[in-house]
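Student: Predicted model, plus sequence, below.
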Amino acid sequence: MTKQLQAIRGMNDILPAEAALWQRLETTVREVLAAYDYQEIRLPLVEKTELFARSIGAVTDIVEKEMYTFADRNGDSLTLRPEGTAGCVRACLEHGLLHHQTRRLWYAGPMFRYERPQKGRYRQFHQVGAEAYGMAGPDIDAELICLSARLWRRLGLSAVSLQLNTLGSSAARAAYREQLVSYFTARLNELDEDSRRRLQTNPLRILDSKNPTMQAVIAEAPALLDQLDPESLAHFEELKALLDSAGIAYQINPRLVRGLDYYCQTVFEWVTDTLGAQGAICAGGRYDGLIEELGGSATGGIGFAMGLERLVAMLAAAGQPSAELAPHAYLITVGAAAQRRGLALAEQWRDLWPELRLRLNCGGGGFKAQFRRADHSGARFALILGEEEAGSGTVAIKPLREAQAEQITLPQDQASAWLRSAALAKTP
Ligand code: ATP
Ligand code: MG
């Protein structure tokens, strides 16, 4: 027997039974983004490796060890995108979208990181990201946070909380960096191998360590919040005031730094304790230096990305049904004339009611076999077209889910209207 192949480790199939929940999530996300006038941008999955090295930062986990990088047939170094912000900024600059104007954009799709797969952490995963450009003030920071909060409300997810911090200006960060280096150098024997390396290259990232043995030394580290420059402080204070006035609760977390290098000022993360170790469902922040770094003129930017696998897991845990959407009706056709008429009728009914979900029997079979299939399909009604109905221009309709309901016969051109009102009436 030929050996069956399996999917790549950490890359998941989303089967039809789960797809309904994904669709619901995606539809709600789209509606909420539209409510704030964010526009969709669709970006390639592959970019030049240099884009990520320059934007995310050479000494981040992502660039050091998580990227899927390969040479194409020309020998160019390409990378499967590990996140969406870099590609979004690249596209905006390439097409002049940031020229003397503001932009509110969103994107969705798969991201790729070579991580150790575990619950909530995969090698291909999906994000929806929102990005706003050309607005420097805390008002847009607050808008993005309100948008994400609205999404949780719409999805019925209440076990989420908002963590907030500021990384200050780049000057404040530089001074803070020096402080961190001397603090961690003094406690060198408490640092794990990763953090020792980071001490030279990117000491702020030590605060982001997930290693439990590091948490004590991290907790006692000096906080940037205590030595913020006045401008950053004012930005942060105004953001808090805006969130207060919108009724959005938050916790200040001075240890919150983002995994990527390009953040400054506002950073935030939505977390839940219902998912075990991978509790971050949405993370974002301001990245005012990035656009210049990638060759544009100085423009403010802020954005967030949320992890769809983690949100789907939350929705499933909250008991939201993930069953496949059953068809409204299953069309049974027996006999050659009925089969031909059946295909044409099914097309007509779909014209008349575009939302109709109709499964046409294909593959032949007698009444008994076709009724069995109709039942398995989950359809609420069987539409029956035998020789007799085909000859008389009628169709029989048999409710499959109601105990005492009678079979009826209707003229063929009335069937879709009848189904429509029956389907919109309350389910038995
Ligand atoms: P984490 O701290 O969990 O590694 P991160 O800081 O690397 O997250 P970001 O790069 O900010 O995460 O991505 C935003 C969101 O995307 C995360 O909050 C999470 O919900 C999701 N995410 C990130 N990496 C993965 C992954 N490997 N598998 C599934 N979801 C992920
Ligand atoms: Mg990560």
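Tutor: Looks like it came in fine. Residues are numbered from 1 along each chain as shown. Ligands and ions are numbered 1, 2, ... in the order given.
Student: doesn't Leu199 make contact with Val181?
Tutor: Yes. At 6.4 Å, Val181 counts as touching Leu199 under the criterion of C-beta atoms under 8 Å. Every C-beta, even on glycine, is put in place using the N, C-alpha and C of the backbone.
Student: When these two are compared, which one has more neighbours?
Tutor: Leu199 (17 against 14; other C-beta atoms under 10 Å).
Student: Sticking with Ala316, tell me its helix or strand.
Tutor: Following DSSP states H and E, one finds Ala316 within helix 308-317.
Student: tell me what that helix is packed against?
Tutor: Applying 3 or more C-beta pairs under 8 Å, 6 or more residues apart in numbering; DSSP states H and E, we find helix 308-317 packed against helix 16-35, strand 124-133, strand 280-286.
Student: from the ones you listed, which stretch is densest packed?
Tutor: strand 280-286 (a mean of 24; mean count of other C-beta atoms under 10 Å).
Student: Can you name the residues that contact the closest residue to ligand 1 within the chain?
Tutor: Minimum separation of the chain from ligand 1 (C-beta to the nearest ligand atom) falls at Gly307, amounting to 2.3 Å. Gly307 makes contact with 120, 125-127, 280-282 under the criterion C-beta atoms under 8 Å, 6 or more residues apart in numbering.
Student: How much space separates it from Asp273?
Tutor: Between Gly307 and Asp273 the distance is 16 Å, computed by C-beta to C-beta, to the nearest Å.
Student: still on that earlier bit, buried residues in the helix holding Ala316?
Tutor: 308-315 (16 or more other C-beta atoms under 10 Å).
Student: Now pLDDT too, for these, in JSON lines please.
Tutor: Conversion of those to JSON lines gives the following (pLDDT from 0 to 100):
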{"residue": "Leu308", "pLDDT": "98"}
{"residue": "Glu309", "pLDDT": "98"}
{"residue": "Arg310", "pLDDT": "97"}
{"residue": "Leu311", "pLDDT": "97"}
{"residue": "Val312", "pLDDT": "96"}
{"residue": "Ala313", "pLDDT": "96"}
{"residue": "Met314", "pLDDT": "95"}
{"residue": "Leu315", "pLDDT": "94"}
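Student: Make JSON lines out of these and add distance to Arg205.
Tutor: JSON lines is the format used below for the buried residues of helix 308-317 (distance: C-beta to C-beta, whole Å):
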{"residue": "Leu308", "distance to Arg205": "25"}
{"residue": "Glu309", "distance to Arg205": "24"}
{"residue": "Arg310", "distance to Arg205": "22"}
{"residue": "Leu311", "distance to Arg205": "26"}
{"residue": "Val312", "distance to Arg205": "29"}
{"residue": "Ala313", "distance to Arg205": "27"}
{"residue": "Met314", "distance to Arg205": "28"}
{"residue": "Leu315", "distance to Arg205": "32"}
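Student: That concludes my questions; thank you for your assistance.
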